[in-house]
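*Asks:* okay, predicted coordinates and the sequence, questions at the end:
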Amino acid sequence: MYKKVEAEIGGRVLSIETGKIAKQAHGSVIVTYGETVVLVTAVAAREARASVDFLPLTVEYQERFYAVGRIPGSFFRREIGRPTEKETLTARFIDRPLRPLFAEGYQHETQVVATVLSADKENDPDMPAMIGASAALTLSHIPFLGPIGGVRVGFIDNEYILNPTVEQLAESRMEIVVAGSKDGIVMVEGGVESCSEAEVLEALYFGLDGLQPLLTMQAELQEAAGKAKMEVTPPEVNEDLVKQVGDLAGEDMAQVVATADKMERSEKFYQLTAQIVEKLNGDENEQSAEIKSILYDLKKQMMRDMIVVDQTRIGGRKFDEIRPIACEVALLPRAHGSALFTRGETQAIVTATLGSGDDEQRVETLDGMNFRRFMLHYNFPPFCVGEARFMRGPSRRDIGHGALATRALDAVLPEPEDFPYTIRVVSDIMESNGSSSMASVCGGSLALMDAGVPIKKPVSGVAMGLIKHDDGVVILSDILGDEDHLGDMDFKVCGTDDGITALQMDIKIKGVTREIMSKALEQAHAGRHHILAEMSRALGTSRDHVPEHAPKIFSMQINPDKIRDLIGPGGKVIKGLTAEFEVKIDVEDSGKVTIFAPDGKVGSEVSERISELTEEAEIGRVYNGTVRKIVDFGAFVEILPGTDGLVHISELDTKRVNKVGDILKEGDKVRVKVLNVDNRGKIRLSRKAVILDEK
C-alpha cells in the first residue's frame, strides 16, 4: 500500500513515503528533504538466534556517488567496500538511539540499511537516514518500541536553528544532533564552540521540540500502512533457580560489587560464578548459561541498590568525586608532543605529530574532495582490559571515540594562517575502566601543548552516569566501566574553562527530564574544572616553540608571476631544491610559499635561495648583472635569475657612445642601476648612473 506523509521541519518540507520501492523488505521508506533522498529498509530473520544475550542488530549507512552526479575517484571507479568514516559515524549514531527500543526478549537478526540516492549538498543525508530507520522499523512487523526522530541544531547570532543547511553550519557556534522519542531525549552527539551549559541545555530541548512532528508523521504512516507487530515472549524466569542463586551468592556478591579494584572485582565475580555453577549443576549442565545470566542480573541489581539506596559507589567515592589523576608530558623523546594521562584505572599515551601540507588527509565525500589538517586516531588494544583477541584495525567504537575527541579539541586549534602545520594526535589506550575517550581528550590537550601547538585553551572531558531506580535518581561523575554497563546513561562532556566544546549522550531508559539533564551538566562542569586544574600541574599552557626535532616552517610571499621561476620547467627547480635540502615546499596560487625544513638553518638557506630565484627588480637599487645580448640601441643585462633589463645606449657611459660594442660585450659582468619598472614589467637600467654615483 502506497502512503506518503510530510511536514515542515526547519523551514523545509520533509516527506516519508512507503509502498513504492523495495517492497520485499519488511519495512521500507523513502525520505526526501529538499533534493536529498534516502532509501531505508529494515529486515529481520525468520528465526531467533538461540542463546544470544544481546540484540543482534546491524545498521548500515551507504553513500552512492551517483547521488551527486559523480564517478568515484578510486582505482576501481566504484564505492569501496570498507565504509568511509562518515558512513561509519552515521551508522553508529543511527544505531545508538534505536538499540534500547526493542521489545525485551527479541533475538532475531535484524538489519537496517540506509542508502543515499540523491544529495543536494545543502541537507545532510544523515538526519533523513535516522528518521527513515525509525520509520522503516515502525512500519515493519519487527517489535520496535519507537518511533524516534532526529534533528540537527545550530546556533547563529544567539538564535537556535533547526536543521541548518551546510552553508549555515559554517557560521554556527554549535552542531548538535538530538534524537528523541515521545518520552524525551534518547541520544545526543555534537560539537560546540565554547558554549555555556545553559546554551547547550536550551539547544537540546529546542531540538526535542523540533522533532515532535516527525513522531506524529510516523504514527500516521504506521496507522495507514503498518504491519502487525511480532509477538515476543519475554524469557521465562525460573524463580526457583533465581532464589537458589540469590541464596548461595548474595553475601559474596555484595563483596564483589564493593570491591574497588577492577581486576580484583572481575576475578572475584569469575570465581563466584564458577562456584555457583558447580554447586548447582556441574560444569556441563545446559543451565550454566542461565545461571550466569542470573548472576549478572544479581550483580547489576545489587550495584544499583548500593548506589541509590545505600548511597555508596564502587570504591566508596562520592557521587561527584573524580578519581585520582596523574599527568606527565614530554614522555617520549622523539615524538613532537607526548603525554601520559592516568585517571584511576584508565590510562592513555597520547602523542602529537606535526607535518606539512602534504600530510593532510584527503577524503572523497559527496561534497567533493576534502582536506583535513587535524586528525585524531583512537586505538583500543585488547591488553588494556586484560583480554586476548584478534586485532583487526579500528572498530566502529574506535572511530566514534576518535571523532568525539576530534570535535572536543578542534574547537581550540589555532587558525592555519597562524600555525600552518598538519596535526595528527594518536591516543593509545593502555588501561581502561571507564571513559577512555575522555582520557584521550585530556591527554590530547596536553600532547598538543607539549608539541608547541598554540591552542586557545586546554580542554578536559568527563563521563557522567545515571542510575534511576524506582523513585531514586543518582548522577555520577567520572563513571567506571561497571557503572556505565549497569547504569542508565553515558553522558560525556568536554570543554575549556570558558565552556563546552563537545558532548555525547546515550540513554538506556525511555528518556530523562530537563531537571536531570541540567543537574548532569552542572555536575560535569565542576568535574571538568577539577580535571583542568590537575592537568595544569603538568603543563598549563602551550610551549612557546615547537620541539627541536619537529619540522620548522618558514613562510614567504612572492609575486604570483614568479611562481613559474620557482617551479622551473617540468618542476626542475623546485624538485632540485627539495632534493638538495631535504625539505618540503608548498606553493599556493596566491604566491604564498611555505617551507617545511628539518631545522632553522636549512630553512633560512632555502628561503634565501627562493628569494634569489623570485626576487623582483627594485627601482634605485644597483645590481651586478651579466650582459646577455647586444643590440644596436643598447644591451640586455640579466640582473636577477630570469630577469633582464635594457641599458639604452644613452645610459652606457657619461660620454657619448657611438657603438654599444665599444663598451660592453656579451658575457661581461657590469654594475647597473634600476631606473624604472613599467606596468608591463619592462626594466630600464643605467650604467651611467652607477658611474656618476661612485664619483
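*Replies:* That came through fine. Numbering: from 1, shown residues only.
*Asks:* ok, residue 66 to residue 118 distance?
*Replies:* Residue 66 sits 9 Å away from residue 118, going by C-beta to C-beta, to the nearest Å. All C-beta spots, glycine's among them, are computed from the backbone N, C-alpha and C.
*Asks:* neighbour count for those two, which is higher?
*Replies:* Comparing residue 66 with residue 118 by neighbour count (other C-beta atoms under 10 Å), the higher total belongs to residue 118, at 18 against 14.
*Asks:* which helix or strand contains the residue nearest to that one when sequence neighbours are not counted?
*Replies:* Take residue 118 and drop its neighbours on the chain: the residue closest to it by C-beta to C-beta, 6 or more residues apart in numbering is residue 37, 4.0 Å away. Applying DSSP states H and E as the criterion places residue 37 in strand 36-48.
*Asks:* quick check: next helix or strand after that strand?
*Replies:* Counting by DSSP H and E, what follows strand 36-48 is strand 57-63.
*Asks:* point out the other helices and strands that the longest helix belonging to the chain packs with.
*Replies:* Of all segments of type helix in the chain, defined using DSSP state H, the longest is helix 514-538. Counting contacts by 3 or more C-beta pairs under 8 Å, 6 or more residues apart in numbering; DSSP states H and E, helix 514-538 packs against helix 197-210, strand 325-329, strand 337-343, helix 436-450, strand 460-469, strand 472-477, strand 489-495.
*Asks:* can I get the longest one in PDB? Just the C-alpha atoms.
*Replies:* Just to be clear, that refers to helix 436-450. Extracted in PDB, the C-alpha atoms of helix 436-450 (Å, rounded to 0.1, in the frame of the first residue of the first chain):
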ATOM      1  CA  SER A 436      39.000   6.200  27.800                       C
ATOM      2  CA  SER A 437      37.600   8.700  25.200                       C
ATOM      3  CA  MET A 438      37.700  11.400  27.900                       C
ATOM      4  CA  ALA A 439      41.300  10.400  28.700                       C
ATOM      5  CA  SER A 440      42.100  10.800  25.000                       C
ATOM      6  CA  VAL A 441      40.700  14.400  25.200                       C
ATOM      7  CA  CYS A 442      42.700  15.300  28.300                       C
ATOM      8  CA  GLY A 443      45.900  13.600  27.000                       C
ATOM      9  CA  GLY A 444      45.400  15.100  23.600                       C
ATOM     10  CA  SER A 445      45.200  18.600  25.000                       C
ATOM     11  CA  LEU A 446      48.500  18.000  26.900                       C
ATOM     12  CA  ALA A 447      50.200  16.500  23.900                       C
ATOM     13  CA  LEU A 448      49.300  19.400  21.700                       C
ATOM     14  CA  MET A 449      50.600  21.900  24.300                       C
ATOM     15  CA  ASP A 450      53.800  19.800  24.700                       C
END
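*Asks:* now the angle from that helix to helix 514-538?
*Replies:* 40 degrees (axes from the mean of the first three to the mean of the last three C-alpha atoms, to 10 degrees).
*Asks:* centre of the chain to helix 436-450, how far?
*Replies:* 14 Å (C-alpha atoms, centre = their mean, to the nearest Å).
*Asks:* again, but for the second one
*Replies:* Put simply, strand 325-329 sits 24 Å off its chain's centre (C-alpha atoms, centre = their mean).
*Asks:* who touches that strand?
*Replies:* With contact meaning C-beta atoms under 8 Å, 6 or more residues apart in numbering, strand 325-329 is reached by 337-343, 442, 446-447, 449-450, 531, 534-535, 537-539.
*Asks:* hmm, try it at 7 Å
*Replies:* Contacts with strand 325-329, where a contact means C-beta atoms under 7 Å, 6 or more residues apart in numbering, come from 338-343, 446, 450, 531, 534-535, 537-539.
*Asks:* give me the buried subset of those residues.
*Replies:* For these, a burial check counting by 16 or more other C-beta atoms under 10 Å picks out 338-343, 446, 450, 531, 534-535, 538-539.
*Asks:* what residue is smack in the middle of this structure?
*Replies:* Centroid-nearest residue in the chain: residue 403, 2.9 Å away (criterion: C-alpha atoms, centre = their mean).
*Asks:* tell me the secondary structure for that residue?
*Replies:* Assigned with DSSP: H, G, I helix; E, B strand; the rest coil, residue 403 falls in the helix class.
*Asks:* before we move on, what about the one 10 residues further on?
*Replies:* For residue 413, the assignment made with three-state DSSP gives coil.
*Asks:* for it, give me its contacts.
*Replies:* Taking C-beta under 7 Å, 6+ apart, we find residue 413 in contact with 374, 455.
*Asks:* for it, give me the pLDDT.
*Replies:* On the pLDDT scale, residue 413 is placed at 97.
*Asks:* specify the local secondary structure of residue 624.
*Replies:* Residue 624 ends up strand, using three-state DSSP.
*Asks:* what is the neighbour count of it?
*Replies:* Neighbour count of residue 624, defined by other C-beta under 10 Å: 10.
*Asks:* can you tell me which residues contact it?
*Replies:* For residue 624, the contact set (C-beta under 7 Å, 6+ apart) comprises 669, 671.
*Asks:* check the gap between it and residue 685 for me.
*Replies:* Distance of residue 624 to residue 685, computed by C-beta to C-beta: 12 Å.
*Asks:* C-terminal to the longest helix of the chain, what's the next element?
*Replies:* Counting by DSSP H and E, the next helix or strand C-terminal to helix 514-538 is strand 552-557.
*Asks:* so which elements touch that following strand?
*Replies:* Other helices and strands packing on strand 552-557, by 3 or more C-beta pairs under 7 Å, 6 or more residues apart in numbering; DSSP states H and E, are strand 592-597, helix 600-614.
*Asks:* just name the most buried of these.
*Replies:* Ranked by mean neighbour count, these are led by strand 592-597 with a mean of 21 (mean count of other C-beta atoms under 10 Å).
*Asks:* could you give me the average pLDDT of it?
*Replies:* Averaged across strand 592-597, the pLDDT comes to 90.
*Asks:* likewise stretch 281-299?
*Replies:* The average pLDDT within stretch 281-299 is 79.
*Asks:* for stretch 545-553, same thing?
*Replies:* 89.
*Asks:* just give me the neighbour total for residue 102.
*Replies:* Residue 102, neighbours per other C-beta under 10 Å, totals 20.
*Asks:* need phi/psi at it.
*Replies:* phi -110, psi 150 (degrees, to the nearest 10).
*Asks:* could you do residue 425 as well?
*Replies:* Torsion angles, degrees, to the nearest 10, at residue 425: phi -110, psi 130.
*Asks:* about what we covered before: the longest helix of the chain vs strand 325-329, what angle?
*Replies:* 50 degrees.
*Asks:* show me which residues of helix 514-538 are buried.
*Replies:* For helix 514-538, by 16+ other C-beta under 10 Å, it's 516-517, 519-521, 523-525, 527-528, 530-532, 534-535, 538.
*Asks:* related to what we said a few turns ago, adding distance to residue 373, write the helices and strands packed on strand 552-557 out as a markdown table.
*Replies:* A markdown table is the format used below for these (distance: least, C-beta to C-beta, whole Å):
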| stretch | distance to residue 373 |
| --- | --- |
| strand 592-597 | 12 |
| helix 600-614 | 20 |
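*Asks:* mind checking which of these is nearest residue 382?
*Replies:* strand 592-597 (36.9 Å; C-beta to C-beta).
*Asks:* quick check: neighbours of that closest one in the sheet, parallel or antiparallel?
*Replies:* Paired neighbours of strand 592-597 in the sheet (DSSP bridges): strand 552-557 (antiparallel), strand 584-587 (antiparallel).
*Asks:* so the first one versus helix 600-614, what angle?
*Replies:* What that stands for is strand 552-557. Interaxial angle of strand 552-557 relative to helix 600-614 (the same axes, to 10 degrees): 20 degrees.
*Asks:* from the chain's centre, how far out does strand 552-557 sit?
*Replies:* 28 Å.
*Asks:* which residues touch the next helix-or-strand element following it?
*Replies:* Later in the chain than strand 552-557, the nearest helix or strand by DSSP H and E is helix 563-567. For helix 563-567, contacts defined as C-beta under 7 Å, 6+ apart pick out 558, 573, 574, 587, 591, 610, 613, 614, 641, 642.
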